[in-house]
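Undergrad: Predicted structure and sequence below. I'll ask about it afterward.
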Amino acid sequence: MNVIEYIGGRIRDLRTSYGEGEGLSQEALAKALGTTANTISRWETRTYRPSIEDLERLARFFGVPILDFFPQKETQIEENQADKQLNALLRAAKQLPPEDIEELQKYAEFRIARSLHKQANKLQAKRKRKT
Amino acid sequence: MSRTEYYENMKAHARAIRSKHGLSSLKVKKSDIKAIYKEYNIQYDLWPVKDTPFTAKFRKLRGAFFNDEHGTTIMISRSLPEAPAIFTMCHEFKHYLVDRELGSVLCSDYNLQEEIEIGAEVFAAEMLFPDDIFTELLTQMGVRKGLCNPEHLVRLKRENEATISYAGLVKKAEFLQFIPIGSFSKVKFTKLEEQIYGIPYFKKFNCHKK
């Protein structure tokens, strides 16, 4: 399964298990994100690729880290590096209010996710060219 | 290198950037700085991303600079108003030019007293409004050192459409000895500007709407 397929599956999983398994309709998720149910459906069926900003909004909505939308194999090394960097950064940021530290952490993860997202898009474009 | 030499060096860097990128006026727009970032391959992010719930925002952090395997990135707090955002964009650009070997630099109200942060403030102020132009324009207005009043600064900003904030202008006026330090700390510049030039249309429109 490639990253883009994984992302689609992850969106569906998070949506259907939302609210302790009650689930959420595509329409309700679309409304919360300010998009259309059609777009949600196409993300889930891998017809459309959500942008990195879409993934960030989804992560905030579901209350998960943005790296949750990427396969663990891809994120593990990145996460270890990110942890080291983040710890160094947070040591420097210890005077900041907790809300700022939380946002900073989200931003650090967003930068890693963007790298992975770009790599995945490049890979998919390469595959398309081959076929 | 002494502190004074370091700050003068930062000013020279800022003037060189102005001349290299054709920033000839005092009206510097976000798009001007974004174009410079693009030339240096710097990724620019406003954080949080657009359409995020309004409760998610930085309270003290103004911006940050990152330089690692994920690229060179400048992040600016989305909640900053236009002028402080442009100032912070210039401030972070100094970190790219001078401090990029540090990897990442966080810029908030808390660490403003550190040397590299003061250097970045000096750089940003010079990039938006060089000291020599400031002195020249005030002299043209007939203002001599020690005899500058708040109205002079309002006229200076308005008539030159300067991007720099009133706080930035006051600091410059203090540094260049046009005013004694702290003498304008209680001046309400926006109010004064409205008294001289009238209430801006958008404010009248908003009042009317209410």
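TA: Right, received. Where do you want to start?
Undergrad: Going by C-alpha atoms from here, please, whenever you check contacts or count neighbours.
TA: Noted.
Undergrad: phi, psi of the closest residue to chain A within chain B?
TA: Nearest to chain A, among the residues of chain B, is residue B:58, at 5.0 Å (Cα to the nearest Cα). Here is the backbone geometry of residue B:58 (degrees, to the nearest 10): phi -80, psi 140.
Undergrad: Residue A:96 versus that one, what's the distance?
TA: 10 Å (Cα to Cα, to the nearest Å).
Undergrad: who's more crowded, these two?
TA: Set side by side, residue B:58 and residue A:96 show more neighbours around residue B:58, with 25 against 20, by other Cα atoms under 10 Å in any protein chain shown.
Undergrad: Can you tell me, leaving aside adjacent residues, what's nearest to that one?
TA: The shortest distance from residue B:58 to any non-neighbouring residue, by Cα to Cα, 6 or more residues apart in numbering or on different chains, is to residue A:100 (5.0 Å).
Undergrad: what do you get for residue B:144?
TA: Nearest to residue B:144 is residue B:178, by Cα to Cα, 6+ apart, at 6.9 Å.
Undergrad: One more: residue A:62?
TA: Distances taken as Cα to Cα, 6+ apart put residue A:14 closest to residue A:62, at 7.1 Å, once the chain neighbours are dropped.
Undergrad: Tell me how many other residues crowd the one you found.
TA: 18.
Undergrad: Next up, phi/psi of residue B:66, please.
TA: The phi/psi pair for residue B:66 (degrees, to the nearest 10) is phi -130, psi 140.
Undergrad: okay, it: pLDDT?
TA: pLDDT for residue B:66: 92.
Undergrad: Same question for residue A:83.
TA: pLDDT recorded at residue A:83 is 65.
Undergrad: ok, which stretches of chain B are strands?
TA: For chain B, applying DSSP state E gives strands covering B:43-47, B:61-68, B:71-77, B:104-108.
Undergrad: want to throw these into CSV with mean neighbour count and distance to chain A?
TA: Output for those, formatted as CSV (neighbours: other Cα atoms under 10 Å in any protein chain shown; distance: least, Cα to the nearest Cα, whole Å):
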stretch, mean neighbour count, distance to chain A
strand B:43-47, 17, 7
strand B:61-68, 22, 7
strand B:71-77, 21, 9
strand B:104-108, 20, 7
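Undergrad: Let me have the ones you listed in a markdown table, extended by distance to residue A:44.
TA: Shown next, in a markdown table, are the strands of chain B (distance: least, Cα to Cα, whole Å):
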| stretch | distance to residue A:44 |
| --- | --- |
| strand B:43-47 | 26 |
| strand B:61-68 | 32 |
| strand B:71-77 | 30 |
| strand B:104-108 | 36 |
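Undergrad: And those strands: which comes nearest residue B:4?
TA: Proximity of these to residue B:4 was assessed by Cα to Cα; the nearest stretch is strand B:104-108, lying at 21.4 Å.
Undergrad: Sheet partners, orientation included, of the closest one?
TA: strand B:61-68 (antiparallel) (DSSP bridges).
Undergrad: Next, the angle strand B:71-77 makes with the partner strand.
TA: Inter-element angle recorded for strand B:61-68 and strand B:71-77: 170 degrees (by axes from the mean of the first three to the mean of the last three Cα atoms, to 10 degrees).
Undergrad: Now do strand B:61-68: everything it contacts.
TA: With contact meaning Cα atoms under 8 Å, 6 or more residues apart in numbering or on different chains, strand B:61-68 is reached by A:96, A:100, B:72-77, B:80, B:88-89, B:92, B:95-96, B:100-109.
Undergrad: thinking again about what came up before, could you check the pLDDT of the residue nearest to residue B:144?
TA: For residue B:178, the pLDDT comes out at 96.
Undergrad: which residues sit in contact with it?
TA: Neighbour list for residue B:178: B:144, B:145, B:146, B:147, B:148 [criterion: Cα under 8 Å, 6+ apart].
Undergrad: ok, of the residues you listed, which one's closest to residue B:50?
TA: Of the contacts of residue B:178, the one sitting nearest to residue B:50 (Cα to Cα) turns out to be residue B:148, at 42.0 Å.
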